[in-house]
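# pasted the sequence and its predicted model underneath.
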Amino acid sequence: MKKVISLFVCLIMIAAMAISSVSAAGQILFKDEFNSMDNNDWIWDPEATHFVVDNGVLKGDDTARVHQTEYRPDYDGIRLWDYFSCKVDVRITDYADSTSMGPGLWFRDYDSTYQQKADGEPDAGEIWYYDYDCVSNSLILSGDYFTANNLEPVKYVLPEGTVKIGPDEKPTTFSLGWRIQPGKIECYFNDQKVITYTNVPMDLGMTRPSPILLVNHSCYIEFDNFIVATVDYNLFNET
């Protein structure tokens, strides 16, 4: 009987260690469910950005272009990241006619330091975008790096009907996310990896951290459940 009890205790300890090791892998760094504008985590200026919190979501009309995490190195509410995982829920409730329509994410790979900026040097570094474009029904990884190196943006075309947009149909809620790290960018749609791109600098994000921007092109947009985590955190429910 003692052997049975001893074995049972050992099994419990092993299981506890396994659970501990899984939960210890990575962590959530920041989360916002957009229940309030009363915080210092974002640059809040509805008159300039046209984004407001309403009914627990971040809303913007077709003139709302950018919603940016707070970006002042000497400020307690600063939200900057170097390499990370990030995800946000999105819904398109209406749109204005344009050749490019849809939401996306923005990150800058700064190659200038804070000291260089303080010394008066202009900001430098390549900007990366990950967007959903309604017109082509595509997920697109693009940015300065592609332009500077004469490369085509990476595009993943979704099956027709995957994303429905208002006002004619009930809009689909979907998630956009990416994992940025030195030497690799992975892009996700509804927790499914759709783009893996390794032709990126091996020091990506290592010189100076960047804010993350929620961007919008010509849509009436809703963002919710914004999460930033470490690179090794299982943000996308991967096995």
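Received, thanks.
# report the beta-bridge partner residues of the nearest residue in space to Leu213 that is not next to it in sequence.
Computed as C-beta to C-beta, 6 or more residues apart in numbering, the closest residue to Leu213 that is not its neighbour in sequence is Trp106, at 3.6 Å. C-beta here means a position set from N, CA and C on the backbone, and glycine is covered the same way. Per DSSP bridges, the residues bridged to Trp106 are Tyr129, Leu213.
# and for Trp106, the neighbour number?
19 (other C-beta atoms under 10 Å).
# do Glu222 as well
Neighbours of Glu222 (other C-beta under 10 Å): 22.
# go through the helix or strand containing it and flag the buried ones.
Assigned by DSSP states H and E, Glu222 belongs to strand 219-229. By 16 or more other C-beta atoms under 10 Å, the buried positions in strand 219-229 come out as 219-229.
# where in the chain is pLDDT low?
By pLDDT under 70, the weakly predicted segments of the chain are 1-24, 73-77.
# dihedrals phi and psi, Leu147?
Just to correct that, residue 147 is Thr rather than Leu. Backbone geometry at Thr147, expressed as degrees, to the nearest 10, gives phi -60, psi -50.
# actually Asp232, sorry about that
phi -90, psi 0.
# gap between it and Ile28?
Going from Asp232 to Ile28 by C-beta to C-beta, to the nearest Å gives 12 Å.
# what do you get for Phe34?
16 Å.
# mind listing what Arg237 touches?
Arg isn't right for residue 237; it's Asn. Asp191 (C-beta atoms under 8 Å, 6 or more residues apart in numbering).
# strands along the protein, start to end?
Assigned by DSSP state E, the chain shows strands spanning 28-32, 51-54, 57-60, 66-68, 84-95, 102-110, 125-133, 138-143, 154-157, 174-181, 184-189, 192-197, 213-217, 219-229.
# out of these, flag the one nearest Trp42.
Nearest to Trp42 among these is strand 66-68 (6.4 Å), distances taken as C-beta to C-beta.
# quick one: end-to-end length of stretch 194-202, please.
Start and end residues of stretch 194-202 are separated by 21 Å (C-alpha to C-alpha, to the nearest Å).
# from the chain's centroid, how far away is it?
16 Å (C-alpha atoms, centre = their mean, to the nearest Å).
# could you find the closest non-adjacent residue to the residue nearest the centre of the chain?
Centrality entry for the chain: nearest residue to the mean C-alpha point is Cys86, 3.7 Å, by C-alpha atoms, centre = their mean. Among residues not flanking Cys86 along the chain, Val228 sits closest, at 5.0 Å (C-beta to C-beta, 6+ apart).
# just checking, the one you found touches Ile28?
Yes: with contact defined as C-beta atoms under 8 Å, Val228 reaches Ile28; the gap is 7.4 Å.
# run through the residues that contact Cys134.
92, 95, 101-102, 163, 165, 219.
# next, find the distance separating it from Asp97.
For Cys134 relative to Asp97 (C-beta to C-beta), the value is 11 Å.
# next up, the contacts around the nearest residue to Ile28 once chain neighbours are set aside.
In this structure, Ile28 finds its nearest non-sequential neighbour in Ala229, 4.8 Å apart by C-beta to C-beta, 6+ apart. Counting by C-beta under 8 Å, 6+ apart, Ala229 touches 26-29, 84-86, 235.
# Thr230 and Ala25, how far apart?
9 Å.
# just how off-centre is stretch 101-108 within its chain?
That offset, for stretch 101-108, works out to 8 Å (C-alpha atoms, centre = their mean).
# for that stretch, which residues meet the burial criterion?
101-108.
# would you turn the buried residues of strand 219-229 into a markdown table with distance to Thr198?
Formatted as a markdown table, the buried residues of strand 219-229 follow (distance: C-beta to C-beta, whole Å):
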| residue | distance to Thr198 |
| --- | --- |
| Cys219 | 31 |
| Tyr220 | 36 |
| Ile221 | 31 |
| Glu222 | 33 |
| Phe223 | 29 |
| Asp224 | 31 |
| Asn225 | 28 |
| Phe226 | 26 |
| Ile227 | 24 |
| Val228 | 22 |
| Ala229 | 21 |
